[in-house]
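K.L.:
generate coordinates for the sequence data below:
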Amino acid sequence: MESMRWRADPERRRKHAEEVIARLNRFFELTGAESSGCPVCGTEDWHISDEPDFEANLVLLTAPGGALTQPIAHMPVYVLVCSKCAFVRMHAKSYVEHTLAEARKR
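P.N.:
Next comes the predicted model:
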């Protein structure tokens, strides 16, 4: 039911997406990484899901020959999609959040 409330409230969805983007930008600042343009087309306009219930996971293939691990291993990631060419980039959510938490302690 909470998911339905989010879908019905575009303002909350927009704020959620803006908060995630702000966290990523702060992470880039702290680490000295550049959140530069798309490596394919050069645009600097990225989209992120505004669904708070959406959690992307990168499935990790670690067994010899590319077989899936049992149980399936995964890594939560932030997914950004280029608004022009749809190139997808990912950032490890746990590393981003750990870096931000450590910075808040200082």
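
K.L.:
phi, psi for Cys85 please.
P.N.:
Backbone torsions of Cys85, given as degrees, to the nearest 10, read phi -110, psi 0.

K.L.:
for stretch 97-106, the distance to its chain's centre please.
P.N.:
17 Å (CA atoms, centre = their mean, to the nearest Å).

K.L.:
any idea what the residue positioned nearest the centre of the chain is bridged to?
P.N.:
When CA atoms, centre = their mean is applied to the chain, the residue found nearest the centroid is Tyr78 (1.2 Å). With DSSP bridges applied, the residues forming beta bridges to Tyr78 are His91.

K.L.:
wait, it sits on Lys93?
P.N.:
Yes - between Tyr78 and Lys93 there is a contact at 5.6 Å, judged by CB atoms under 8 Å. Placement of C-beta: from N, CA and C, glycine included.

K.L.:
just to revisit the earlier point, would you mind measuring from the residue nearest to the centre of the chain to Glu97?
P.N.:
The gap separating Tyr78 from Glu97 is 10 Å, by CB to CB, to the nearest Å.

K.L.:
any idea how many residues pack against Lys84?
P.N.:
Neighbour count for Lys84, taken as other CB atoms under 10 Å: 15.

K.L.:
what residues are up against the residue nearest to the centre of the chain?
P.N.:
By CB atoms under 8 Å, 6 or more residues apart in numbering, Tyr78 lies in contact with 20, 24, 48, 56, 90-91, 93, 96.
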